[in-house]
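S.K.: What shape does this take:
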Amino acid sequence: MRAGDSNGDAIVVKWGDSKYSDFYLNVVDGGFTDTGDQIIAHIKRYHSNRAIIANVVLTHADNDHATGLIKLLEHPHFTIHTLWMNRPWDYVDEVLDKFHRLYTREGLVKKMREMHPYLVEMEKIAARRGIAIRAPLQGAQIGAFTVLAPSRARYVVLIPDLDKTPPSYASDSASTVGGIFGSALKNIVEKIKERLDLETLDNNPPATSASNESSVVQMGTFGTERVLLTGDVGPEGLDEAAQYAESLYLQIQPNLIQIPHHGSRRNVTAAVLNRWLGSYPSSRRGDAIASVGKDESRYPRAKVANAFVRRGFDVYKTDTGWVNFHSGYDRRPNMGYATTVPFSPDVED
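M.R.: Modelled structure (predicted):
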């Protein structure tokens with residue numbers, strides 16, 4: 001998992017039996033444009049100069065997830081079987097009436113494509129290289145991963161709001177009410193009350209963007225190990241994912257989880273973490289990773305990291321480079337157990 005200089009997401013998953021070269025690769029998100037080169041170098045070093053990538057998954061259309069995948073899709077020495085991404089214009093007939101007759105059907109499709117240039121570029125590359133495109137909606141099976149959210153119905157509901165600008169990280173770190181003084185006072189209060197033995201997550205945090213809530217949530221099962229990848233999803237999507245997983249009678253507590261949206265305070269609540277991870281206090285249950293750029297040291301937010309630690313999850317972040325997790329034995333060079341160690345979140349936020 002890698003983030004680049006600023007916050008972004010890029011994940012490479014390999015599973016199978018490497019002893020017989022019977023293994024598969026999934027790439028989930030690609031970070032920013034320069035992250036694409038890092039993904040390619042990582043795959044060449046740890047896997048193959050002519051890798052076969054079973055699945056490339058774009059969790060949602062924000063540029064810190066999408067643009068790096070363009071370089072990966074274009075790489076001439078990699079064979080890619082399937083590109084998974086949701087394209088809002090595929091559902092234009094179901095949302096046309098939400099735009100108050102401002103567009104014809106053709107006009108709305110054109111506008112949507114203009115506002116999602118990275119999706120359009122990836123679509124063109126896939127067509128040129130013969131890569132199949134499929135929609136990663138609830139119930140889809142992507143190799144060892146099952147898509148838990150979004151459902152088709154909820155994705156369609158979110159489409160009319162996908163053109164809104166996602167909340168900036170500045171709005172996540174400072175209140176717009178009360179100006180600088182109000183923000184400083186709020187931070188002082190939070191520093192006083194934030195402790196490992198006291199839950200301080202907001203029960204009703206400011207909503208994350210519709211684009212973030214449209215993120216693909218997927219769980220992979222590898223024997224007794226469970227991996228939950230969350231993109232930038234918020235509490236709504238995490239709840240939908242848990243409900244669907246429970247309807248399938250899946251064991252939902254993961255051994256490894258991606259902390260949503262780099263560890264932003266908008267994306268998790270105590271209730272949703274209790275549902276996925278169990279209540280606290282807890283002995284060690286697993287590991288959690290936040291995609292954090294090297295210039296974004298304030299992420300994951302302390303109250304978010306502490307919430308995972310309370311529930312028995314060691315927290316890792318990617319600000320110094322790739323975080324590698326490895327289960328099982330691999331005879332190939334450079335594939336030993338990772339030496340990365342978890343960091344200790346501040347007790348203040």
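S.K.: How many residues are close by Leu102?
M.R.: 9 (other CB atoms under 10 Å). In short, each C-beta sits where N, CA and C put it, glycine included.
S.K.: ignore the last one, Pro76
M.R.: Applying other CB under 10 Å, I find that Pro76 has 6 neighbouring residues.
S.K.: show me the contacts for it.
M.R.: If a contact means CB atoms under 8 Å, 6 or more residues apart in numbering, then Pro76 has no contacts.
S.K.: can you check Phe99 too?
M.R.: Contacts here follow CB under 8 Å, 6+ apart; on that basis Phe99 touches 108, 160.
S.K.: Roughly how far does it sit from Ile159?
M.R.: From Phe99 across to Ile159, the span is 10 Å (CB to CB, to the nearest Å).
S.K.: Backbone dihedrals for Val92, please?
M.R.: Listed backbone geometry of Val92 is phi -60, psi -40, with angles given as degrees, to the nearest 10.
S.K.: my guess is it meets Leu108, correct?
M.R.: Yes. Counting by CB atoms under 8 Å, Leu108 is a contact partner of Val92 at 5.5 Å.
S.K.: Poorly predicted segments of the stretch 101-250 of the chain, please.
M.R.: Applying pLDDT under 70 to the stretch 101-250 of the chain flags the ranges 163-197.
S.K.: Would you map the helices across it?
M.R.: Counting by DSSP state H, counting those that start in this stretch, residue ranges of the helices within the stretch 101-250 of the chain are 105-115, 117-129, 152-158, 169-173, 179-193, 210-213, 235-247.
S.K.: for those, which one ends up most surrounded?
M.R.: Among those, helix 210-213 has the highest mean neighbour count (mean count of other CB atoms under 10 Å), at a mean of 23.
S.K.: pull the CA atoms of that one into PDB?
M.R.: Below are the C-alpha coordinates for helix 210-213, written out as PDB (Å, rounded to 0.1, in the frame of the first residue of the first chain):
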ATOM      1  CA  ALA A 210     -21.000  11.600  -2.200                       C
ATOM      2  CA  SER A 211     -18.000  10.500  -4.200                       C
ATOM      3  CA  ASN A 212     -16.300   9.100  -1.100                       C
ATOM      4  CA  GLU A 213     -19.500   7.300   0.000                       C
END
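S.K.: what does it rub up against?
M.R.: The set of residues external to helix 210-213 that reach it, using CB under 8 Å, 6+ apart, is 60-62, 150, 158, 161-162, 164, 166, 207, 231-234, 236-237, 261, 267.
S.K.: which of those count as buried?
M.R.: Judged by neighbour count, with 16 or more other CB atoms under 10 Å as the criterion, the buried members of the contacts of helix 210-213 are 60-62, 150, 158, 162, 166, 231-234, 236-237, 261, 267.
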